[in-house]
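[1] sequence and computational prediction follow.
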Amino acid sequence: MHEQRSRSDKLWLVLKGLAMGAANKVPGVSGGVVAFVAGFYEEFIGSLQKVNKKAFALLFSGRFKSFWQYINGPFLGLLILGMIISYFSVSKLLDYLIIHYELYVWSAFFGMIIGSIYYIAKDFGEWNRKYIAYLLCGIIAGVSISFLEPAKANDHLIFVFFCGIIGVSGMTLPGLSGSFILILLGNYVLLLVDSVNALYDTVVNIFQWDFSFTDNAERVRLLKVIAMFSLGSIVGLVSLSHLLGYVIKKYKSATYAVIIGFIAGSLGVVWPWKEKLFVLSPLGDKQLDANGRAIISGYERYFPDQFSTEVVIAIVFIIIGIFIVLSLDWYQKTTTPPAHG
């Protein structure tokens, strides 16, 4: 079935990968939510589960075509291609928009998460006390994470590997933002900004046949960091998918209840109206990292006290965010049979 994808299906998969990559880079937003709403979450987890002993046996015996088909390579390959493209394109645009239009970006994402909660919950079925308890556990966990204090940056390669395992969680567990976890671990800027930019510059240098970057100690350090982070991400992606695949198979409704709660709890992270809190030096100035950026210690959330034009525009963006997710649901209903999965 998977190898018979049409050209438009392949394009959609790349676009879904773009959306997942962009979502994974925004603190508070989970790429797993994109997979859930776009209707390919279970296929994504199931495909990752195929990266097992049998897959490696096929690979090492030289049966590359069988290996590719066994792991659902046409699906995973296009999705990962979209994510890679996203890190050098859409996520760059998002960086710009967050700097210049922060309130409206958070408002749109806030709306998209509200829409996602509705999308996942609408087909849940009957809620009983047990599932409501799981839902509340998910909400409490999501809210608790949003109020943790960020740690200091740490570029030790073993810690970076650990960050890769944890950071990729946003792809496999909807509602748990991998990039927000990286902020809590203190390594968001190092791993998703500085090292990605270093890799981008290195790729450009190589295409220009310029290898002078090998003499740049800082560039080499950042390339080692992103290599270790990528390795950790691959290990985390495969191991977490096996765990989640098992849990979903055995306890599907309970798992979905926790996921819905997690997503609801993450609303606090992307609440649009918030002020950055900075780490201050003993003299009262903003403490800067090695790249001259002010170090954020957290956020102070507030409700707008007046109905200004800015607030109205923000509310419009919340509605647009909800509409984007609901339009994906409507699109699916018009192009696929009613059954999901």
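    Right, received. Where do you want to start?

[2] check the secondary structure at residue 124 for me.
    For residue 124, the assignment made with DSSP: H, G, I helix; E, B strand; the rest coil gives coil.

[3] and it, what are its phi and psi?
    Phi and psi for residue 124, reported as degrees, to the nearest 10, are phi -70, psi -40.

[4] what does residue 276 give?
    phi -70, psi 140.

[5] would you mind measuring from it to residue 183?
    12 Å (CB to CB, to the nearest Å). From N, CA and C alone the C-beta is placed, and that goes for glycine too.

[6] and the two? Which one has more around it.
    Higher neighbour count among residue 276 and residue 183: residue 183, with 20 against 12, using other CB atoms under 10 Å.

[7] now do stretch 145-162: distance from first to last residue.
    This stretch, stretch 145-162, spans 18 Å end to end (CA to CA, to the nearest Å).

[8] list the residues that contact residue 302.
    By CB atoms under 8 Å, 6 or more residues apart in numbering, the contact set of residue 302 is 273-275.

[9] report the separation between it and residue 137.
    28 Å.

[10] neighbours of residue 12, how many?
    Using other CB under 10 Å, residue 12 is surrounded by 17 other residues.

[11] so for residue 112, what's the nearest residue that isn't a sequence neighbour?
    With sequence-adjacent residues excluded and distances taken as CB to CB, 6 or more residues apart in numbering, residue 112 is closest to residue 321, at 4.0 Å.

[12] phi, psi for that neighbour please.
    According to degrees, to the nearest 10, residue 321 has phi -60, psi -40.

[13] could you list the low-pLDDT ranges of the stretch 201-341 of the chain?
    279, 281-284, 287-299, 328-329, 331-341 (pLDDT under 70).

[14] go again using 90 as the cut-off
    For the stretch 201-341 of the chain, applying pLDDT under 90 flags the ranges 201, 203-204, 210-214, 216-218, 233-256, 258-271, 274-308, 321, 323-341.

[15] re earlier: which of the contacts of residue 302 sits closest to residue 254?
    residue 274 (32.3 Å; CB to CB).

[16] wait, what's in contact with that closest one?
    Going by CB under 8 Å, 6+ apart, residue 274 touches 106, 299-302.

[17] keep only those of those that are in helices.
    residue 106 (DSSP state H).

[18] what would the contacts of residue 274 look like in JSON lines with distance to residue 21?
    Below are these laid out as JSON lines (distance: CB to CB, whole Å):
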{"residue": "106", "distance to residue 21": "19"}
{"residue": "299", "distance to residue 21": "24"}
{"residue": "300", "distance to residue 21": "30"}
{"residue": "301", "distance to residue 21": "27"}
{"residue": "302", "distance to residue 21": "31"}
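
[19] most neighbours, which of the contacts of residue 274?
    residue 106 (25 neighbours).

[20] from residue 321, how far out is that one?
    According to CB to CB, residue 106 stands 10 Å off from residue 321.

[21] same check on residue 187?
    Going from residue 187 to residue 321 by CB to CB gives 28 Å.

[22] ok, these two, which is more surrounded?
    Under the criterion of other CB under 10 Å, the comparison of residue 187 against residue 321 puts residue 187 first, with 28 against 23.
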